[in-house]
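Undergrad: Based on what follows, work out the 3D shape:
(2 chains)
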Amino acid sequence: MTAAPSPDEGLTAAQLAAKYGLAVSGARPSLTEYIRELWGRRHFILAFSQAKLTAQYSQAKLGQLWQVATPLLNAAVYYFIFGVILHASRGMSKDVYIPFLVTGVFVFTFTQSSIMSGVRAISGNLGLVRALHFPRASLPVSFSLQQLQQLLFSMIVMFIVAIGFGSYPSLSWLLIVPVLVLQFLFNTGLALIVARMGAKTPDLAQLMPFILRTWMYTSGVMFSINKMMEGRSELAVRLLQVNPAAVYMDLMRFALIDGYDASNLPPHVWAIALFWAVVVFAGGFVYFWKAEERYGRG
Amino acid sequence: MAEQNPQTDDNAERRPTVIADDLHIVYRVNGAKTGKGSATAALSRIVKRGEERGVRKVHAVRGVSFVAYRGEAIGLIGSNGSGKSTLLRAIAGLLPAEKGKVYTDGQPSLLGVNAALMNDLTGERNVILGGLAMGMSREQVKERYQEIVDFSGINEKGDFITLPMRTYSSGMAARLRFSIAAAKDHDVLMIDEALATGDRKFQKRSEERIRELRKEAGTVFLVSHNNKSIRDTCNRVLWLERGELRMDGPTEEVLKEYEKFTGK
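TA: Numbers count the residues shown, from 1 in each chain, chains lettered A, B, ... in the order given. As a prediction, this is how the structure comes out:
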């Protein structure tokens, strides 16, 4: 030691720290403090998500046009396979089925890609986690925000398709806003959960595509659950219908498509949508926060 | 020999800013246990289960204790892989300690925003993103924007700041990164090999900026392999070797021993 610090001689490290009001570095803040910190980083979260979105297509010649072209091509491929080859429309008229399919694909992709980027939110950004101090929840939240912005681009295609097949803008289109808010909350909660799991077990990123694909095929993205399950027990239909992905898709279709009426929706559909959003978001947030001080361990 | 930095004269009360108490840091590396990286080897590791099979531990810092005081500039030296950068990350609270504790006054920050920057974005957007990532508010970033760009000297040879960072030369990119990182005031500031970037003129400018930061900050930690820049900026040196604290004392004393050790 350079010089003897006379008055503090003989104190243990903990006593010395207490005397001068030093805190343990890297300790987990309380939940309210954590939320406050996260709110303080809102500009970073937004800027980071926008930067990721822009960086995605910055090397392509067509540039940001891909934001719209990618979902459009996706919809075209699904239509070709399920509409033309497999005839999954099951008696739905073309005017309903095509917007039905496009809406389903986009809405499900929103959840799907939020989860996929959530898994890698921590494990794929260890450099950032190990270099700067910020509430780690910023990363999964920022990634689902990026996917929300991506969906807003896809909505342009969705609107064009809906109008092209005879569903014109009406008051019910306003319902899109609450559906998006609820689904965003739900997705962010899921992203937070898988982000913590993926931080500990990066292998999850390899496994996730299979889980998500299974989920997609059981959620009624390309077919109507009601029509597909005709003649089966009511319980089986209801079980498939309360699946959160199906709920958000059906609500979006109900809002957007004229020929898709309330008979396709399960009872208390808004309550179910709200329930999933609140429970998954709150649960995911607390679950993620509980491991805050452990992210970035080698 | 460059001018020696005088000891700070507010010795009336020596306030500790960082206390490391018997600190151990262990890295865990997945899938590096055996030389065989084949799928069957991985599978047999899973089947055998047991405590953390297939995970190799690297004990990077072993029982380091020290107390840093306000107004000190502390150099960290040691050969490659001796645990200097790891120690800095642990002080910043970015790497959890295996054993022991680090107490700090306020939030120590690591001078480095590299990871937050994106090569596909323009320098302009990176300045904003980097500033926000370090915890500056939107207004602060706006206020400092011109200062950062001027300091980096990116625009001295034309309008480069509006080009994507991937088009920059490595020197230019390093200059911009340092300029962004150095724009914020910190309580406890840690710099990891940042002085080696850029040309001679920029190095001078960054050393100047570090002295300024030291005046504003409580304590500065500097990792460097350049003994001259340690002599120029630090008044105390910690010498790490194999994760252990080998020597701790005034710059000249420790550097003399270190130079003897490295055979310079």
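
Undergrad: Verify the stated contact: B:Lys124 with B:Phe160.
TA: To be clear, residue B:124 is Glu; Lys isn't right here. No: between B:Glu124 and B:Phe160 there is no contact, the gap being 9.9 Å when judged by CB atoms under 8 Å. Every residue, glycine included, has its C-beta placed from N, CA and C.

Undergrad: List the contacts of the closest residue to A:His133 other than its chain neighbours.
TA: The shortest distance from A:His133 to any residue other than its chain neighbours is 5.9 Å, reached at B:Gln107 (CB to CB, 6 or more residues apart in numbering or on different chains). B:Gln107 makes contacts with A:133, B:93, B:187-188, as judged by CB atoms under 8 Å, 6 or more residues apart in numbering or on different chains.

Undergrad: Keep only those of the residues you listed that are in strands.
TA: Judged by DSSP state E, the contacts of B:Gln107 include B:Val188 as members of strands.

Undergrad: quick one: which of the contacts of B:Gln107 is nearest B:Ala181?
TA: A:His133 (13.2 Å; CB to CB).

Undergrad: What about that closest one, how many residues nearby?
TA: Counted with other CB atoms under 10 Å in any protein chain shown, the neighbours of A:His133 add up to 19.

Undergrad: swap in A:Asp203?
TA: If you count neighbours by other CB under 10 Å, A:Asp203 ends up with 13.

Undergrad: Please identify the buried residues of stretch A:73-93?
TA: A:74-75, A:78-79, A:82-83, A:88-89, A:92 (16 or more other CB atoms under 10 Å in any protein chain shown).

Undergrad: Pick out the most distant pair among those residues.
TA: A:Asn74 and A:Met92 (19.8 Å).

Undergrad: Where does pLDDT dip in chain B?
TA: B:1-13, B:30-37, B:41-42, B:44-54, B:112-113, B:115, B:193-198, B:264 (pLDDT under 70).

Undergrad: repeat that with 50
TA: B:1-12 (pLDDT under 50).

Undergrad: and the residue of it nearest chain A?
TA: With CB to the nearest CB, the shortest gap between chain B and chain A falls at B:Gly93, namely 2.7 Å.

Undergrad: How about the contacts made by that residue?
TA: So B:Gly93 contacts A:25-27, A:133, B:102, B:104, B:107-108 (CB under 8 Å, 6+ apart).

Undergrad: now B:Pro16, which residues is it bridged with?
TA: Following DSSP bridges, B:Pro16 is listed with bridge partners B:Tyr69.

Undergrad: Am I right that it is in contact with B:Glu72?
TA: No: contact criterion CB under 8 Å: B:Pro16 and B:Glu72 do not qualify, at 9.9 Å.

Undergrad: B:Lys228 is in what secondary structure piece?
TA: With secondary structure defined by DSSP states H and E, B:Lys228 is part of helix B:227-233.

Undergrad: Establish whether that helix and chain A are in contact.
TA: No: legend: contact between helix B:227-233 and chain A by CB under 8 Å from any CB of the partner chain is lacking; minimum distance shown is 15.7 Å.

Undergrad: Stretch B:132-139 now?
TA: Yes: using CB under 8 Å from any CB, we find that stretch B:132-139 touches chain A at B:132-135, B:137-138.

Undergrad: Any of the residues you listed buried? List them.
TA: B:132-135.

Undergrad: Do a quick rundown of the helices in chain B.
TA: B:39-48, B:84-91, B:123-133, B:138-152, B:170-181, B:200-216, B:227-233, B:251-262 (DSSP state H).

Undergrad: for chain A, what spans make up the helices?
TA: A:13-19, A:31-40, A:42-56, A:66-78, A:94-123, A:126-131, A:138-164, A:176-200, A:204-218, A:225-228, A:234-241, A:244-256, A:269-289.

Undergrad: Relative to B:Asp192, which of those helices is closest?
TA: Among the helices of chain A, the nearest to B:Asp192 by CB to CB is helix A:126-131 (9.2 Å).

Undergrad: Can you show me the CA trace of the closest one as CSV?
TA: Listed in CSV are the C-alpha atoms of helix A:126-131, where the atom choice follows Å, rounded to 0.1, in the frame of the first residue of the first chain:
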residue,chain,number,x,y,z
LEU,A,126,-22.5,-11.0,-24.8
GLY,A,127,-20.1,-8.4,-26.0
LEU,A,128,-22.6,-5.7,-25.2
VAL,A,129,-23.6,-7.2,-21.9
ARG,A,130,-20.0,-7.5,-20.8
ALA,A,131,-19.0,-4.0,-21.9
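
Undergrad: list the buried ones in it?
TA: By neighbour count with 16+ other CB under 10 Å, helix A:126-131 contains the buried residues A:126, A:128-131.

Undergrad: ok, and of these, which contact chain B?
TA: Okay, of the buried residues of helix A:126-131 touching chain B (CB under 8 Å from any CB), that's A:128-131.

Undergrad: Dump the residues you listed to TSV, plus pLDDT.
TA: Converted to TSV, these look like this (pLDDT from 0 to 100):
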residue	pLDDT
A:Leu128	83
A:Val129	84
A:Arg130	77
A:Ala131	78
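
Undergrad: which of these lies closest to A:Phe159?
TA: Top of the list for closeness to A:Phe159, among those and by CB to CB, is A:Leu128 at 35.8 Å.

Undergrad: which strand residues sit across from the residue nearest the centre of chain B in the sheet?
TA: By CA atoms, centre = their mean, chain B has its centre lying nearest to B:Asp192, at 2.8 Å. Counting by DSSP bridges, B:Asp192 is bridged to B:Val223.

Undergrad: Surely it and B:Ser85 touch.
TA: Yes: here B:Asp192 reaches B:Ser85: they are 5.5 Å apart, a contact under CB under 8 Å.

Undergrad: what sits in contact with each of those two?
TA: B:Val223.

Undergrad: Put together JSON lines for the contacts of B:Gln107, with distance to B:Leu117 on each row.
TA: Output for the contacts of B:Gln107, formatted as JSON lines (distance: CB to CB, whole Å):
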{"residue": "A:His133", "distance to B:Leu117": "17"}
{"residue": "B:Gly93", "distance to B:Leu117": "22"}
{"residue": "B:Asp187", "distance to B:Leu117": "24"}
{"residue": "B:Val188", "distance to B:Leu117": "23"}
